[in-house]
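In: here is the input, now give the coordinates:
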Amino acid sequence: MSSPSILTVQNELAGKHILITGTTGFLGKVVLEKLLRKVPDVYQITLLARSNKHYSSAKERVYQEVITSSVFNVLKEEMGSLFDEFIESKISVVEGELTQSGFGMDAASFKALAEDIDLVINCAASVNFREPLDDAIRINALSVEGLVELVKAAGDIPLVQVSTCYVNGHNIGNIKETIHSPKHNKLTKFSDGSFHVRPLIEKYLLECERINRAFKSSESAEQERIRLGVKVAREHGWNDTYTFTKWMGEQLLIQQLKGSGVSIVRPSIIESTVLEPVAGWLEGIKVADALIFAFARGKLSFFPGDDSGILDVIPADLVANSVILSAAEQVASPKNFRIYQCCSGSDNPIQLREFVQHVMNESQQNYESYPKLFKRKPSSNFKTVSGFAFQSVMRGLQVAAFCRGIFQPSLRRKLVEKVSTSRELAQIYSFYTAPQYQFDNTQLKQLWRQFSTEDQNTYGVSANCYDWKDYVSNIHMAGLHKYVLEERAA
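Out: Presented below is the predicted three-dimensional model:
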């Protein structure tokens, strides 16, 4: 029996026309940069984007928000004066709205796009954990229908969908690379293993319409739709609106692309790059960063969490590599359905207490290296406590704020702000700091082993390539300061 042939990214993607969505976002930029730098023989990459209040056209927005990003600095240095010409030859921009049928394009333009595309990579999503429910449904779930239209119009071309490991919801234990069942609800299950989510979508869109009619203020209606999203997500077995609607998007995709080539790539908590294009590149505030910022500003000292739980953080470049390998595999062997989880808990697990300790040590010892993060040396440590203890501490701080406020109004304001910040962050993120699950990435590692030795070195997917102390202290904290804070200030 002959052994399967060895795959290479270059062979599979050279000469291909790839459509990528979501490149104005963090991960999308990393995927795009790696493809341009490592697969220069790709025929063309079309970016689906839309204009916004700052830019009158999608192309202007892409060139100002994406191509000028510091993530491309290495490629610019390598190519020198040829960079602009290279980008013009490889990148095209299509104006379209992912949440509309046919991307909101006229029929002729949509048909022309479909006839020219060989592969779709969908990185687009709303990662806002407190998105109004109807907006989250449209962006994270219903948007896949436009992609399905394109895939079918193009002749069942392969699709790589970026999802999240946290579609597991409140399921506990060893979380495999498979379709996840809701923990709390009994939904109709189809023969392909997916669940009948269409009635849920229709029900909650109607409920959001009712809310919009009931409230005279658009701001009040939005807040009510945010509350509804969190409520129904938890009723059905998810922590937040983001993970619930991403799960629904997976179900729709599976049901509508039966027999087509689909790979779902599920990353855990995506943070700064570990190796490429540079160590520590980051854009925006991610899950762990929100807590680091609040601590640095003196607004957070206690947080609910399980010290012995596995905090599953994964560098963005390993996720981008997983996406690219999945894409190359689909081109080589289409018409198959696959799920891959890109995570650190299987190969290089770190407990919450260890992660926090690395942050604390770096903050105490080298705070002067991060002047835009720390105004002064932290006066207290960051402590993780049980949920019960956290609520007790919050009540104690409220009492202290009331008592001291009689004589020290400024101290009262600080204590009230601390309680408010701590509780708000706990509502959003405490699920991720008290994990009762561990993600498995066996199938992703099997995918990686199908590729050549050179590609295995170029497109690493395992978290065993770095030491956590070095990553947190020397890479992530430095990247947070350099790429998020300094660029924001500029």
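In: lowest average confidence, helix or strand, in this protein?
Out: Of all the helices and strands that make up the chain, helix 486-489 has the lowest average by mean pLDDT, DSSP states H and E, namely a mean of 53.
In: for this structure, which segments count as strands?
Out: Residue ranges of the strands in the chain, as given by DSSP state E, are 17-21, 44-49, 91-95, 119-122, 159-162, 173-175, 262-267, 269-271, 302-304, 313-315, 337-342, 383-385, 437-439.
In: okay, those in TSV with mean neighbour count, distance to Thr458 and mean pLDDT next?
Out: For every residue, glycine as well, the C-beta is placed using N, CA and C. Written out in TSV, the entries for the strands of the chain read as follows (neighbours: other C-beta atoms under 10 Å; distance: least, C-beta to C-beta, whole Å; pLDDT from 0 to 100):
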stretch	mean neighbour count	distance to Thr458	mean pLDDT
strand 17-21	24	18	98
strand 44-49	23	18	96
strand 91-95	19	22	95
strand 119-122	26	18	97
strand 159-162	27	18	98
strand 173-175	15	28	95
strand 262-267	26	17	97
strand 269-271	22	20	96
strand 302-304	22	38	81
strand 313-315	27	15	97
strand 337-342	23	16	96
strand 383-385	18	37	81
strand 437-439	20	24	95
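In: format those as JSON lines; extra columns: distance to Ile292.
Out: Supplementary listing: those in JSON lines, determined by distance: least, C-beta to C-beta, whole Å:
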{"stretch": "strand 17-21", "distance to Ile292": "30"}
{"stretch": "strand 44-49", "distance to Ile292": "30"}
{"stretch": "strand 91-95", "distance to Ile292": "34"}
{"stretch": "strand 119-122", "distance to Ile292": "30"}
{"stretch": "strand 159-162", "distance to Ile292": "25"}
{"stretch": "strand 173-175", "distance to Ile292": "26"}
{"stretch": "strand 262-267", "distance to Ile292": "20"}
{"stretch": "strand 269-271", "distance to Ile292": "11"}
{"stretch": "strand 302-304", "distance to Ile292": "11"}
{"stretch": "strand 313-315", "distance to Ile292": "12"}
{"stretch": "strand 337-342", "distance to Ile292": "22"}
{"stretch": "strand 383-385", "distance to Ile292": "13"}
{"stretch": "strand 437-439", "distance to Ile292": "23"}
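In: of all those strands, which one is nearest Val66?
Out: Among the strands of the chain, strand 44-49 comes nearest to Val66, with 7.3 Å by C-beta to C-beta.
In: ok, residues contacting that closest one?
Out: Contacts to strand 44-49, defined as C-beta atoms under 8 Å, 6 or more residues apart in numbering, come from residues 17-21, 23-24, 32, 35-36, 58-59, 61-62, 66, 90-96, 98, 103, 113, 116-117, 124.
In: adjacent strands (with direction) for it?
Out: strand 17-21 (parallel), strand 91-95 (parallel) (DSSP bridges).
In: just put the ones you listed in JSON lines and tack on distance to Glu207.
Out: JSON lines is the format used below for those (distance: least, C-beta to C-beta, whole Å):
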{"stretch": "strand 17-21", "distance to Glu207": "28"}
{"stretch": "strand 91-95", "distance to Glu207": "32"}
